[in-house]
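Undergrad: Coordinates for the following, if possible.
(chains A and B)
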Amino acid sequence: MTVEFVLFIVLGAIAVIAALGMLLSSNAIYSALFLVVNFAVVATFYLLLGAPFIAMVQVTVYAGAIMVLFLFVIMLLGAERLQQPTQKLIWQQPLAIVLVLALLGFAGYVVAMQGAFTPSGELVNAAGYGSPAAIGQLLFQEYLFPFEATSLLLLAAMVGVVVLTAVDERRRRSRPSRRS
Amino acid sequence: MISTTYYLGLSAILFSIGVVGVLLRRNAIIIFMSIELMLNSANLVFVAYAREFGTLDGQIMVFFVMTVAAAEVAVGLALIVAIFRSKASIDVDAVNLLKG
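TA: Predicted coordinates:
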């Protein structure tokens, strides 16, 4: 029982509890905040795994930007408390739980069959592993084309969002009675 | 040094919780958050295996997954806003116009 192992167990428990809280809370705002906790814990795992740059990106992009977007939309719609709808598919809930338990069982079996492997500590502890400089060199040399492709993806997403959320002015003017 | 197996197990648990969220919750925003949780657990496996093999390629993949997740969240939330405008609800059971 090293210190690192105790740290892993405690952080893993926090991550699982936060994920369950996200799943079970009835208020969407609480769900979003639980998910922020989960992302922060996963960022700590990245630090333990020798990925400081990815950990920082996780905190700024995931826990920061993406979750702020979630909270913004929840508050914009005022949809944090939805009334519990009547369940239309009665058989769906138990079937889903059985299937997820089967998935978890198979995943656990595969993971257990892999055998425990512990990497040698030298590579991870080597200076520069996972540093911004090393990531940047790999990103702009070997992965230059995928990097440029993601810029196109982000542009397409941006245009799509503007098109989807833009209010059609002509339609609004021609049918004023629909807007109370 | 914690063995990679533990990280894989934790990631499997988080992924399963995400699947439960997608299958059981009817709130579209919660379903989206569950998808984020699943992407995040996949990222954890990427970083764990990057350490296992001593290369950085896994961490680069995490970078790209985050980019795709950001684009996906932006478009998905725009869709949810559009659905909310027309139906005044984000219950996924309410979106049944194509049902015969």
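Undergrad: C-alpha only now, for contacts and for neighbours.
TA: Will do.
Undergrad: Wait, B:Ala78 touches A:Val161, no?
TA: Yes. Shown here, B:Ala78 and A:Val161 form a contact pair, counting by Cα atoms under 8 Å, at 5.7 Å.
Undergrad: pLDDT on stretch A:41-57, on average?
TA: Per-residue pLDDT values across stretch A:41-57 average out to 92.
Undergrad: ok, now stretch A:139-156?
TA: Taken as a whole, stretch A:139-156 has a mean pLDDT of 94.
Undergrad: Then stretch B:88-100?
TA: Stretch B:88-100 carries an average pLDDT of 78.
Undergrad: next one: stretch B:53-70
TA: Averaged across stretch B:53-70, the pLDDT comes to 91.
Undergrad: Which residues does it contact?
TA: Residues from elsewhere that reach stretch B:53-70, judged by Cα atoms under 8 Å, 6 or more residues apart in numbering or on different chains: A:51, A:54, A:61-62, A:66, A:119, A:123-124, A:129-130, A:135, A:138-139, A:147, A:150, A:153-154, B:36, B:39, B:43, B:46-47, B:49-50.
Undergrad: Drop anything exposed from those.
TA: Burial of these was assessed by neighbour count (16 or more other Cα atoms under 10 Å in any protein chain shown); the buried members are A:51, A:54, A:61-62, A:66, A:119, A:123-124, A:129-130, A:135, A:139, A:147, A:150, A:154, B:36, B:39, B:43, B:46-47, B:49-50.
Undergrad: buried stuff in the helix or strand A:Phe145 falls within?
TA: A:Phe145 is located in helix A:144-165, with elements delineated by DSSP states H and E. By neighbour count, and taking 16+ other Cα under 10 Å as the criterion, the buried residues in helix A:144-165 are A:147, A:150, A:154, A:157, A:160-161, A:164-165.
Undergrad: Intersect the residues you listed with the contacts of chain B.
TA: Within the set of the buried residues of helix A:144-165, contact with chain B (Cα under 8 Å from any Cα of the partner chain) is found for A:147, A:150, A:154, A:157, A:160-161, A:164-165.
Undergrad: Rebuild those as JSON lines, extending it with distance to B:Asn96.
TA: Below are these laid out as JSON lines (distance: Cα to Cα, whole Å):
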{"residue": "A:Phe147", "distance to B:Asn96": "38"}
{"residue": "A:Thr150", "distance to B:Asn96": "33"}
{"residue": "A:Leu154", "distance to B:Asn96": "30"}
{"residue": "A:Ala157", "distance to B:Asn96": "25"}
{"residue": "A:Gly160", "distance to B:Asn96": "23"}
{"residue": "A:Val161", "distance to B:Asn96": "23"}
{"residue": "A:Leu164", "distance to B:Asn96": "19"}
{"residue": "A:Thr165", "distance to B:Asn96": "21"}
